[in-house]
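> After the sequence you'll find the predicted model.
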Amino acid sequence: MTDLELATHAALEAGQLLRANFGSAAVVDEATHHDIKLALDRAAQDLITTILLGEHPSDALYGEEGIAGNQESPRQWIVDPIDGTVNFFYGIPHFCVSIALRVAGEIVVGVIHDPMVGETWTVAKGGPALLNGRPIQASTRADFAESILFVGCGKDEEALRTGIERFHKASLRARKMRMMGSAALGMAYIACGRLDAYIESRISLWDIAAGQLLVETAGGKVDLTAVAGHADAWSIVATNGHLPIHEIL
């Protein structure tokens, strides 16, 4: 089984778990003003860990719900078991499983699986970006008047303020704006031409690792800037590679 096949298998298995529990009363492990963590987040990551490290026990795993495996390994799986947990908790069927493989610092595999819609985006370094096995391409829209943009607002006061200011500025020029609740799906949507750009001032690595390779392989562009004082947190500007998004930043 290739690394891409393994990651896809793990994402699909976790997706089955999420779909089976969608709409049921979810156990909240932790709740903050702008976020929720569920027991199901941990269960889904444990399932993914068992599959990935069962095949490659010497690998490392770095996920939203913690680390596992050999952290000295040059092979590191980056996992978000439920990207869009708040959506899941409130019964909004817009969330996904995101799995990436980073080898010696380079993302080489990415899988994003939406279990509710039944869509799976896959990519391996050097190969095509695929949606359910079919090649995809980012849009070629270069005019803001024709664009649809996704702006994330983060979870702290500064990130919220930045996000809202960007949303307002972009909305004056874009055809439509969206705040969707899943960074990974937002990037998957850019890769297949549904969205034209995604901007957020602070996002975690596990939210965007798979999406970065997917977008870039599909012809888009991803700019990441490390956020000072926050480990593996990034400011992200992801586009179709044509829209001059920096005009509104």
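Received the coordinates, thanks. Residues are numbered from 1 along each chain as shown.
> Now for this structure, the helix or strand with the poorest mean pLDDT.
Every helix and strand of the chain was ranked by mean pLDDT, DSSP states H and E. The lowest is strand 28-32, at a mean of 54.
> quick one: contacts for Gly91?
Going by CB atoms under 8 Å, 6 or more residues apart in numbering, Gly91 touches Phe22, Gly23. C-betas here are computed from N, CA, C, even on glycine.
> quick one: it from Gly23, how far?
6 Å (CB to CB, to the nearest Å).
> Tyr198 too?
To Gly23, Tyr198 is 28 Å away according to CB to CB.
> Comparing the two, which shows the higher neighbour count?
Remark: of Tyr198 and Gly23, Tyr198 carries more neighbours, 28 against 10, as counted by other CB atoms under 10 Å.
> Can you list phi and psi of the more buried one for me?
phi -140, psi 130 (degrees, to the nearest 10).
> Show me the shaky parts of the chain.
25-36, 153-160, 163, 249 (pLDDT under 70).
> Report the contact partners of the most centrally placed residue in it.
By CA atoms, centre = their mean, the chain has its centre lying nearest to Ala184, at 2.0 Å. Residues counted as contacts of Ala184 (CB under 8 Å, 6+ apart) are Asp80, Asp83, Gly84, Cys96, Ser98, Ile112, Asp207, Ile208, Ala210, Gly211.
> Out of the residues you listed, which sit inside helices?
Asp207, Ile208, Ala210, Gly211 (DSSP state H).
> Distance check, the first one against Ile78.
To tie it back to what came earlier, the one meant is Asp207. For Asp207, the distance to Ile78 - CB to CB - is 10 Å.
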